[in-house]
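Enquirer: 3D, please:
(2 chains)
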Amino acid sequence: MATPIFEVKNLDVRFSTPDGEVRAVNNANFRIEEGECLGVVGESGSGKSQLFLSTLGLLAGNGRVTGSVLYRGREILGLPEKELNKLRGSKITMIFQDPLTSLTPHMRVGAQLIETLQVHRSVPAGEAERRVLETLELVRIPEAKARMGQYPHELSGGMRQRVMIAMAVLCGPDLLIADEPTTALDVTVQAQILEIMRDLKAELKTAIAIVSHDMGVIAGLADHVQVMRRGDIVETGSVDRIFYAPKHDYTKMLLDAMPRIDQPDRPGHARLMPLPLQSRTLLDVRDLKVYFPVRTGGLFAKRKALRAVDGVSFQLNEGETLGVVGESGCGKSTLARAVLKLLPKTDGAVVWCGRDLGPMQQEDIRKLREELQIVFQDPLASLDPRMTIGQSIAEPLRTLKPQLSRDEVRKEVREMMERVGLEPGWINRYPHEFSGGQNQRVGIARAMIVKPRLVVCDEAVSALDVSIQAQIVDLLVRLQAEFGMSLIFISHDLSVVRQVSHRVMVLYLGRVVELAGRETIYENPRHPYTRALIRAVPVPDPKMERSKPRAKIALELPSPLDTRAQLTFLKSKLIDDPDAEQYRPKLIEVAPGHLVAEHD
Amino acid sequence: MIATGTSAANAELMTNAVAVRGRSLWVDARRRLFRNKAAMVSIVVLALIALTAIFLPLVWPYAYDDIDFTLVNCAPDWWPDPDVMCHSGGWHIFGSDSVGRDLFVRVLYGARVSLAVGLVATFVSLVIGVVYGATAGFIGGAIDDVMMRVVDVLYSLPFIFFVIILMVIFNQSIWLMFIAIGAVEWLTMARIVRGQTLSIKEKEFIEAARAGGVSQRGIIGRHIVPNVVGPVIIYVTLTIPSVILSESFLSFLGLGIREPLTSWGVLISEGSNQLESAPWMLIFPALFMAVTLFCFNFIGDGLRDALDPKDR
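Expert: Model (predicted):
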């Protein structure tokens, strides 16, 4: 057998902290052959990132690594910095999760790439520039020449990640280590990046090690898979073996917890309650608009309106869940905040139980807060770090129902904590003592304590690990069955939305492009954007991923300041002037309850 | 799932009803502070200096203004150079000054004045700065702009010039000193508090509180102020030494404390005039002041590490 490109034997990584030694990686053994892709999957804290950082000598100061790391049969662990630098960035390269922090902000993209090349290879300047341009085209950066003169902050997230990949493959590496390369990106961009990586593997025969928490990403790219849990590699095998015949309980649990866009109602998960046949319309949003004034340019700046939400209408019935889906910047969070009157609206109306919320006084709105609640994305940031979780949960109760006595409040808090799966004995603990999932339960308890009739979940499960995410989703579905409240479930993750929503609304740059029942929208999407979104979702099923048609379109989310952007799918009515007032695509009812925006 | 699985355990806990005491951020910070040796030693030393300054003069055989012309410029009893020793009188462990006053008790009085100026002026700056900065930061918009431009203008006034004018217009007094220094120090405090308020205002838990119907006053009182306290405490411990230095500087120039009352600045000023003939007159007050400033700075550093461990 030929020497593998990369081989790790008995690798241990330890961190010494004031609270004792932390074992990040225990006795890891694996090898990567030429042109092969190894997928490492695990939840946060499983040591999957440290595994690769340690092999390249990139550990934090308090880390210690023992064992053996062989690059083409040569020991590289403990090599002097100078020797390592010859390898890193040329033979073994890395891409990280956040492409903005990995690029130097004050250097032009082209200059950074050329520098990388010239550090490792002595090539003349002209030749270097040509090579860089070629590589940028390889990672399908449109107008590559112009991009080279731009600064990192001028590029979108997807473009930056492409630049990072270009930088990584520039010197013709043997091994490319990608640490959560698409986690910070939108699904459509993620699909493009994964496509590029697949091509690199096929064309350049580069071995790839991809680290991800997303089973779908791994399924589409990896040949071999390694499942990590708390520093241990619990299962290794070919991608098909791991996905179709998992042996370890943890692997099974991970696969089961992963929401699947193709299988919404799986056994073992809380089922969405069917809608009551006759239910009242609770919320009626009519042509809601939220604009933010933005200054563009320099001293004599023009004020432009950023149309975050631009004419959105929908209705929500009692006990119903409306899923709101869209990529970053589509205005889904702004929409939620405008509905809850946490942000002022520019135009339109929000009618709650037949009352227009527009002209209401501040005092009335405070009473309304009893009925409208919100759960936030970041569980830790949404809790006051100086308050115990009991105080946080009790706060809405104290302000909205001041007539309750201390003991009554305490009793209700304890009851609610139990309902959301928190031990009532934790009432005096602080948020930093809990995990993300537990803190999210606190956030849900805080929203539910006043028994609201509508809860808005703003990316409420996006920051959580899949297994925790599954628990929180189940909790929400269960609470809905118990209390009968309506939900607006906002997420960029179409799989989760499918699991919890009765109806789904797709937003694109502040406007509705499609609104339909959950089955219809996933089985029979009409709008090209909806289709692209659904196709882009990685499915944790390797055969399905391999047979997927390859999307070659480079869909980039344009700037919402540009009024032309909203007509991306209706080019025939476009007026080519960035400031002109454009045609507004109408929503057409193609079937009862199925609205689709006009498109070409 | 987990939720249903633990409910039996929960029911048990409900009956036992023993709520676990949480570790608050303050408890964490205190633990980290106690582990910091430099800060702990500083706290002890500072406490010793303060207690000595407060209580020892009450029982000391000399008052700070007891003049004794028979004992002018005496070296301490244990000073190595016997020529300048004068044993005729009593017992001066730090020697005596040019009019025969006991230097030890005067250093202690200097400590009283310097620490008092440090604390009172810092308190003045704290009150003005926190109220001003929190208001500007929370209201935001045009009001914030105007309020912070006022701070910028005041910043640009030369401090010494400002104090000299104050001293000339009004009479020189210790109270004026408090006001003058406090009036300058609050500017930085206001900026720090405003910055903190702005960043906390944008946090999700503030939005959560608004969604929970909490009033503006409730948000400021319950959520913003407690979260600003950490950085403010740190800044306070670092302001005190700078105020003490300012006072010494003013006194050194003759603009500060008036005779017979004294401060470290006055003592150092006098001592430096007689550096050759009576070095102890400079050494002791300077030593006390240096130790005190070191202590405050170590405590400030320790607090910063304790309250904001990520901020290093």
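Enquirer: Check which helices and strands the lowest-mean-pLDDT helix or strand in chain A is in contact with.
Expert: Within chain A, judged by mean pLDDT, DSSP states H and E, the helix or strand with the poorest mean is helix A:99-102; its value is a mean of 74. The criterion is 3 or more CB pairs under 8 Å, 6 or more residues apart in numbering or on different chains; DSSP states H and E, and the helices and strands that helix A:99-102 contacts are helix A:157-169. In this view, the C-beta of every residue, glycine as well, is placed from N, C-alpha and C.
Enquirer: Next SSE downstream of the helix it packs on?
Expert: Moving toward the C-terminus from helix A:157-169, the next helix or strand (DSSP states H and E) is strand A:175-179.
Enquirer: Now the helix or strand that that next one is followed by: average pLDDT?
Expert: Moving toward the C-terminus from strand A:175-179, the first helix or strand encountered (DSSP H and E) is helix A:187-204. Averaging pLDDT along helix A:187-204 gives 83.
Enquirer: likewise stretch B:224-232?
Expert: 83.
Enquirer: can you list the domains in chain A?
Expert: Following automatic domain parsing, one gets these domains for chain A: A:6-257, A:379-451.
Enquirer: Just say which of these is most tucked in.
Expert: A comparison of the domains of chain A by mean neighbour count, using mean count of other CB atoms under 10 Å in any protein chain shown, puts domain A:379-451 on top with a mean of 21.
Enquirer: Please see if that one touches chain B.
Expert: Yes: between domain A:379-451 and chain B, judged by CB under 8 Å from any CB of the partner chain, the touching residues are A:381-390, A:392, A:395-396, A:399-400, A:414, A:418, A:420-421, A:423-430, A:432-433, A:443, A:446-447, A:450.
Enquirer: gap between the two ends of that domain?
Expert: Using CA to CA, to the nearest Å, the end-to-end distance of domain A:379-451 comes out at 20 Å.
Enquirer: who are the neighbours in contact with A:Gly510?
Expert: A:Gly510 makes contact with A:Arg307, A:Ala308, A:Val309, A:Asp310, A:Gly311, A:Val312, A:Cys330, A:Gly331, A:Thr334, A:Pro560, A:Gln566 under the criterion CB atoms under 8 Å, 6 or more residues apart in numbering or on different chains.
Enquirer: Can you read off the backbone torsions of residue 213?
Expert: Using chain A here. phi -90, psi -10 (degrees, to the nearest 10).
Enquirer: was after chain B, sorry
Expert: Listed backbone geometry of B:Gly213 is phi 80, psi 10, with angles given as degrees, to the nearest 10.
Enquirer: how about the nearest residue to residue 63, chain neighbours excluded?
Expert: Going with chain A. For A:Gly63, ignoring the flanking residues on the chain, the nearest one in space by CB to CB, 6 or more residues apart in numbering or on different chains is A:Phe15 at 5.0 Å.
Enquirer: You answered for a different chain; I wanted chain B.
Expert: Beyond its immediate neighbours in the sequence, the residue positioned closest to B:Ala63 (CB to CB, 6+ apart) is B:Val105, lying 7.0 Å away.
Enquirer: what sits against that neighbour?
Expert: Applying CB under 8 Å, 6+ apart, one finds that B:Val105 lies in contact with B:Leu56, B:Pro57, B:Trp60, B:Tyr62, B:Ala63, B:Tyr64.
Enquirer: same deal with A:Val294?
Expert: A:Arg303, A:Lys304, A:Ala305, A:Leu306, A:Leu561.
Enquirer: Please work out the average pLDDT along the strand or helix carrying it.
Expert: Under the criterion DSSP H and E, the helix or strand holding A:Val294 is strand A:281-296. The pLDDT scores in strand A:281-296 average 84.
Enquirer: Dump that strand to CSV, restricted to CA.
Expert: Only the C-alpha atoms of strand A:281-296 are listed here, as CSV (Å, rounded to 0.1, in the frame of the first residue of the first chain):
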residue,chain,number,x,y,z
THR,A,281,-57.5,34.8,11.9
LEU,A,282,-55.3,36.2,14.6
LEU,A,283,-52.8,38.3,12.8
ASP,A,284,-53.4,40.2,9.5
VAL,A,285,-50.4,41.9,8.1
ARG,A,286,-51.2,44.2,5.2
ASP,A,287,-48.6,45.5,2.8
LEU,A,288,-46.1,46.1,5.6
LYS,A,289,-43.0,48.2,4.8
VAL,A,290,-40.0,48.9,6.9
TYR,A,291,-37.4,51.2,5.4
PHE,A,292,-34.1,52.2,7.1
PRO,A,293,-32.5,55.5,6.0
VAL,A,294,-29.0,54.8,4.9
ARG,A,295,-26.3,57.4,4.1
THR,A,296,-24.3,56.6,1.1
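Enquirer: could you say what helices and strands the following helix or strand past it packs with?
Expert: Where DSSP H and E defines the elements, the next helix or strand beyond strand A:281-296 is strand A:302-317. In this structure, strand A:302-317 packs against strand A:281-296, helix A:332-339, strand A:347-352, strand A:486-491, strand A:511-517, with contacts taken as 3+ CB pairs under 8 Å, 6+ apart.
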